[in-house]
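S.K.: Predicted model, plus sequence, below.
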Amino acid sequence: MSDLTTQALHYAIDGLSLRQQAIAGNLANVQTPGYHAKEVDFEQSLSQALSGGNLQGAGGPSVTTSTAPTDADGNNVNASSDIVTLQETTLRYQATVDSLNAKFRMLRGAMGGGFS
Amino acid sequence: MSLFSVFGISGSGMDAYQTWLDAIGGNVANVNDSGPTSQPAYQSRSLIVSEAGTGQVGDGVKVTGVTLGSAQGELAWEPGNPQADVNGMVRHPVVDLPGQMVQMVMAERDYQANVSVITQARQAYESALGLGT
């Protein structure tokens, strides 16, 4: 049941969800002295694993700390770019969930349950 | 990590910025206080915030303390003031009003940023809850 498509979409949903949490944390800490923004990357490990044909060996999404220049407080959260990324992340999350739903519809149709 | 963890993270942010707004409100409300020189002046409050938890994704923010401004304040000669001492002096607090107004705008914007994260996360969670239906 869990073929490569489903696994890849699942992996993307996990990564996007973690990115949303990281951005939420960054925006909550936008005034915290010494706070360094967190960034999530899952695209690299996903595409690497996909080119190998299976996701068994793919590690989880990676969380890194931003090395961008800090302000006088030692904080380097970029609120505007975080909000833009947040919008993008939400849309991509929804698109990925839609794709997963389409996959499930195909499976349901193949099992005789109707494609709609 | 809870099921809808963004709500907790951004909720902690809203909480912190609400507290900041409360502190600013208190400072601005007391900007024109006066008191006898025998008593300390109103001390303007500023918050200490730090990252909650151990620095993992999903920890949010928390208010860890308050720093108080000068209790010394500044003395002014107001012989007509009923609180004046024998020399006609009263004590006023030192509140940086323009600074407070700037901080108020910042706290308000940051509060709104956290609310918008919650709105976005809600849309994502709603779509996930519709999976397979």
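M.R.: The structure has been received and is ready for your questions.

S.K.: Would you map the strands across chain B?
M.R.: Taking DSSP state E as the criterion, chain B contains strands spanning B:35-36, B:45-51, B:61-68, B:74-77, B:89-92.

S.K.: Could you report the neighbour count for the residue of chain B found nearest chain A?
M.R.: Nearest to chain A, among the residues of chain B, is residue B:13, at 3.1 Å (CB to the nearest CB). Placement of C-beta: from N, CA and C, glycine included. For residue B:13, the count of nearby residues is 30 (other CB atoms under 10 Å in any protein chain shown).

S.K.: Residue B:110 versus that one, what's the distance?
M.R.: 7 Å (CB to CB, to the nearest Å).

S.K.: Show me whatever sits in contact with both of those two.
M.R.: Shared contacts of residue B:13 and residue B:110, defined by CB atoms under 8 Å, 6 or more residues apart in numbering or on different chains, comprise A:27, A:30.

S.K.: Could you find the closest non-adjacent residue to the residue nearest the centre of chain B?
M.R.: The residue lying closest to the centre of chain B (CA atoms, centre = their mean) is residue B:20, at 1.2 Å. Closest residue in space to residue B:20, ignoring its immediate chain neighbours: residue B:107 at 4.3 Å, by CB to CB, 6 or more residues apart in numbering or on different chains.

S.K.: give me the number of residues near the one you found?
M.R.: When neighbours are counted by other CB under 10 Å, residue B:107 registers 21.

S.K.: how close does it sit to residue A:36?
M.R.: Counting by CB to CB, the gap from residue B:107 to residue A:36 is 21 Å.

S.K.: nearest residue to residue B:79 other than its sequence neighbours?
M.R.: residue B:88 is the one closest to residue B:79 (CB to CB, 6+ apart), at 3.5 Å.

S.K.: what's the answer for residue B:34, then?
M.R.: residue B:90 (4.6 Å).

S.K.: so what's the one you found bridging to?
M.R.: residue B:36, residue B:76 (DSSP bridges).

S.K.: Please verify my assumption that it contacts residue B:74.
M.R.: No: distance between residue B:90 and residue B:74: 9.9 Å, which falls outside the contact criterion (CB atoms under 8 Å).

S.K.: on that earlier part again, OK, contacts around the residue nearest to the centre of chain B?
M.R.: So residue B:20 contacts A:31, B:47, B:49, B:63, B:103, B:107 (CB under 8 Å, 6+ apart).

S.K.: Any figure for the gap between the last one and residue B:14?
M.R.: Translated: residue B:107. Distance of residue B:107 to residue B:14, computed by CB to CB: 11 Å.

S.K.: same question, the fifth one
M.R.: Between residue B:103 and residue B:14 the distance, using CB to CB, works out to 17 Å.

S.K.: And the second one, by the same measure?
M.R.: Going from residue B:47 to residue B:14 by CB to CB gives 14 Å.
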